[in-house]
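Visitor: Sequence first, predicted model second:
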Amino acid sequence: MIEGAIKRGLRSAFAGLLVLAAVAPALANEELHPGARAFFPLWDVRTSAANPDGRVTFIVLTRLAWFNQGDPSTTFQTLERNNCTQEFNAGTGSGVIPVNIEYYNKSCEQSSEIIFMSCADVDVIVLTSTANTVLRPRAQFQSVAGDQIGAVDVHLLDGKLSQTVRNRANENSLMGNAIISDSVEGWAAVYPAAMAKSTYCPICPFIDKSGGTGTPVGYEPYPMEVFIPFVLADGTRAGGGALTNFLSLYAPALFPAGSMADFRVEGHWYDGRERPFHFDKKNHAHTRFLGTITSDGDTTAFDPRFNSSNFVCGHTTNPSVAENDGAPRGVNSLLTGDASLRCDPLRDDVPPVPPNATLVFADTVHTSDNFDTGGTTSRPIGWWDILMTDDDIPSPIPFPGLRSGRGMVGVVLSSGAGGAEGKGIGDAIRTWHKDPCEIGPEGLNFAFGPPHLRDHGVLTNPFPISDKQQLMVIFNMLSFNAQDRVCHGRVESPDDLSGVTFDQGVQ
């Protein structure tokens, strides 16, 4: 049984989280800004017969300057917390702060290291395969590098305390990008880290179970529903070769450097004619091709139907077959090859058509969704809506009705070998997400888009800003109904946040 003092303390802490006003929607992109936590959902050091040294991933971290850093004669009495502050660490000099780099592989095994960054610093962390004969892997990265793919969770530490992951710095000065390079295929793909701002959170040292006392700092949560806004189906021709789409989707812990157990995702992807295809998966991390079937058991296709060989250029009543976007084209028996390519009169890779052959390029019965009048290409394309529906990590607060607080971050790496060395292509698409307090297509009765730090300015007094910030940190822990009450200003008691009576406790 939980001791009464702990229950009373929790009740008091939650009592400060009452909100009487709605959270305003965000007015700008919630990731392309400095923060205190940066999550990179993919590093890739995979090897192949053509590239035995493997791909290389560059994790690029930048820390903001302090005000007027370019003027050495200027002195500052007060520094804004969102800007770079000058810390002092014994043995490292002045103006530096420790930064924890937490590496995960696809099995969610962990390894970490600490680097030090000064104000206006930019650091490049090079991740390589254990098979790489030119660039040996970093010592702290080597233990997880064997899986060849994984994620990185980065956060600022308070340099005035001992250097443990719970001593989080409330300073939003960090920016980050990842670069994945395949020198043999001849491409590099760049994507931005998912940034989360830090905030003062007195209850956070208690709900963080990683040991020690910690500092009262929490973070904006990551979303529980994410979108891939577009992706060409696996197998689409690109650069002379077949395109593959590799999804790397992780559910970061509520606090940085935490453990990540299994989580289930489900939802739909939609083809070019808005037809839905349902999927349902569960794993530590969803690291697999979208529609390419391989012999690797852990990277079998996320949904084998998302492949150009399964797309048709016209309409179909088969619920397992997808349709292209664009005007359906007439399919001529003289043309051979992938059915998805026979839709397009502008391609230069279809066989020559004899002069006496007739091709009907426009379908006058089923007009194009993109108002095509005959001439625009038709492609096997779709978009994805992914919802986190189940989580093997329990709530960090021991009361029924609460969730773990995790969200999701993902990236799709689209690449094609190109058929010749140095002629490949590569691109990375980060997952998108809902605005604060917005219900997404899959999220009805499950989760709202989480609020961000900037949304607290519209909340009504008399509640202090620290209480509103705490509510933001634990927003994903709340049930859908509790989130709804928060977002619409209907919180009247602590019990409204959990859906239970706080005196129940846990036996």
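Guide: Received the coordinates, thanks.
Visitor: which parts of stretch 46-62 are buried?
Guide: For stretch 46-62, the neighbour count (16 or more other Cβ atoms under 10 Å) marks N51, D53, G54, R55, V56, T57, F58, I59, V60, L61, T62 as buried. In this view, the C-beta of every residue, glycine as well, is placed from N, C-alpha and C.
Visitor: got it, and stretch 123-140?
Guide: Buried residues in stretch 123-140, counted by 16+ other Cβ under 10 Å: D123, I125, L127, T128, S129, N132, P137, R138, Q140.
Visitor: C-terminal to the worst-scoring helix or strand of the chain on mean pLDDT, what's the next element?
Guide: Using mean pLDDT, DSSP states H and E, the weakest-scoring helix or strand in the chain turns out to be helix 4-15, at a mean of 40. Moving toward the C-terminus from helix 4-15, the next helix or strand (DSSP states H and E) is strand 37-44.
Visitor: helices or strands up against that next one?
Guide: strand 56-63, strand 149-156, strand 174-182, strand 194-196, strand 241-250, strand 409-416 (3 or more Cβ pairs under 8 Å, 6 or more residues apart in numbering; DSSP states H and E).
Visitor: could you dump these to CSV with mean pLDDT and distance to C487?
Guide: Listed next are the helices and strands packed on strand 37-44 as CSV, based on pLDDT from 0 to 100; distance: least, Cβ to Cβ, whole Å:
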stretch, mean pLDDT, distance to C487
strand 56-63, 97, 34
strand 149-156, 97, 27
strand 174-182, 96, 28
strand 194-196, 96, 19
strand 241-250, 92, 25
strand 409-416, 94, 22
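Visitor: want to throw these into JSON lines with distance to E323?
Guide: Formatted as JSON lines, the helices and strands packed on strand 37-44 follow (distance: least, Cβ to Cβ, whole Å):
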{"stretch": "strand 56-63", "distance to E323": "36"}
{"stretch": "strand 149-156", "distance to E323": "32"}
{"stretch": "strand 174-182", "distance to E323": "31"}
{"stretch": "strand 194-196", "distance to E323": "32"}
{"stretch": "strand 241-250", "distance to E323": "18"}
{"stretch": "strand 409-416", "distance to E323": "21"}
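Visitor: what are the ranges of the helices in the stretch 401-507 of the chain?
Guide: 465-473, 480-487, 495-498 (DSSP state H, counting those that start in this stretch).
Visitor: among these, which gets the worst mean confidence?
Guide: For these, mean pLDDT drops lowest on helix 495-498, to a mean of 60.
Visitor: quick one: contacts of stretch 266-277?
Guide: 225, 228, 278-281, 303, 305-306, 311, 315, 319, 322-326, 369, 378-387, 389, 441-442 (Cβ atoms under 8 Å, 6 or more residues apart in numbering).
Visitor: do that again at 7 Å, thanks
Guide: 278-280, 303, 305-306, 311, 322-326, 369, 381-387, 389, 442 (Cβ atoms under 7 Å, 6 or more residues apart in numbering).
Visitor: Tell me which helix or strand R136 sits in.
Guide: Using DSSP H and E, R136 sits in no helix or strand.
Visitor: Might you report the residue contacts of the closest residue to it other than its chain neighbours?
Guide: Excluding the flanking residues, the one nearest R136 by Cβ to Cβ, 6 or more residues apart in numbering is T128, at 6.9 Å. With contacts defined as Cβ under 7 Å, 6+ apart, T128 is in contact with V45, G54, V56, L135, R136, P137.
Visitor: can you put the residues you listed in CSV and add distance to N481?
Guide: As requested, those are arranged in CSV below (distance: Cβ to Cβ, whole Å):
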residue, distance to N481
V45, 44
G54, 48
V56, 47
L135, 52
R136, 53
P137, 47
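Visitor: Show me what the residue lying closest to V154 once chain neighbours are set aside bridges to in the sheet.
Guide: Leaving aside its chain neighbours, V154 sits nearest to A38 (4.4 Å; criterion: Cβ to Cβ, 6+ apart). Residues in a beta bridge with A38, per DSSP bridges, are V154, M195.
Visitor: What is the neighbour count of A38?
Guide: 28 (other Cβ atoms under 10 Å).
Visitor: cool, L387 as well?
Guide: A total of 20 residues lie near L387 under the criterion other Cβ under 10 Å.
Visitor: separation between it and F263?
Guide: Distance, L387 to F263, using Cβ to Cβ, to the nearest Å: 11 Å.
Visitor: cool, and R46?
Guide: Per Cβ to Cβ, R46 is found 23 Å from F263.
Visitor: shouldn't N245 be in contact with R288?
Guide: No - in this structure, N245 is not within contact of R288 by Cβ atoms under 7 Å, at 9.9 Å.
Visitor: so who does M175 touch?
Guide: M175 touches P34, T62, counting by Cβ under 7 Å, 6+ apart.
Visitor: same thing but 10 Å
Guide: If you count contacts by Cβ atoms under 10 Å, 6 or more residues apart in numbering, M175 has them with 32-35, 38, 60-64, 122, 192-193, 195.
Visitor: Distance to Y270 added to these, as JSON lines?
Guide: What follows is the contacts of M175, written out as JSON lines (distance: Cβ to Cβ, whole Å):
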{"residue": "L32", "distance to Y270": "26"}
{"residue": "H33", "distance to Y270": "30"}
{"residue": "P34", "distance to Y270": "34"}
{"residue": "G35", "distance to Y270": "31"}
{"residue": "A38", "distance to Y270": "31"}
{"residue": "V60", "distance to Y270": "34"}
{"residue": "L61", "distance to Y270": "36"}
{"residue": "T62", "distance to Y270": "36"}
{"residue": "R63", "distance to Y270": "40"}
{"residue": "L64", "distance to Y270": "39"}
{"residue": "V122", "distance to Y270": "40"}
{"residue": "P192", "distance to Y270": "25"}
{"residue": "A193", "distance to Y270": "27"}
{"residue": "M195", "distance to Y270": "28"}
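Visitor: Show me which of those are buried.
Guide: For the contacts of M175, buried by 16+ other Cβ under 10 Å: H33, P34, G35, A38, V60, L61, T62, R63, L64, P192, A193, M195.
Visitor: Of the residues you listed, just say which sits nearest to V412.
Guide: Lowest distance from V412 to the buried ones among the contacts of M175 (Cβ to Cβ) belongs to P192, with 13.8 Å.
Visitor: and D147, how far is that from T431?
Guide: Per Cβ to Cβ, D147 is found 21 Å from T431.
Visitor: With F230 instead?
Guide: Noted for F230: a distance of 12 Å to T431, by Cβ to Cβ.
Visitor: neighbour-wise, which of the two wins?
Guide: Each of F230 and T431 has its neighbours counted (other Cβ under 10 Å); T431 has more, 24 against 13.
Visitor: Break down the stretch 401-507 of the chain into its strands, ranges please.
Guide: Ranges of strands in the stretch 401-507 of the chain, per DSSP state E, counting those that start in this stretch, are 409-416, 425-430, 432-433.
Visitor: Make JSON lines out of the ones you listed and add mean neighbour count and distance to I203.
Guide: Shown next, in JSON lines, are the strands of the stretch 401-507 of the chain (neighbours: other Cβ atoms under 10 Å; distance: least, Cβ to Cβ, whole Å):
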{"stretch": "strand 409-416", "mean neighbour count": "24", "distance to I203": "24"}
{"stretch": "strand 425-430", "mean neighbour count": "20", "distance to I203": "31"}
{"stretch": "strand 432-433", "mean neighbour count": "19", "distance to I203": "25"}
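Visitor: Now render those strands as CSV, adding distance to V99.
Guide: Below are the strands of the stretch 401-507 of the chain laid out as CSV (distance: least, Cβ to Cβ, whole Å):
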stretch, distance to V99
strand 409-416, 19
strand 425-430, 22
strand 432-433, 25
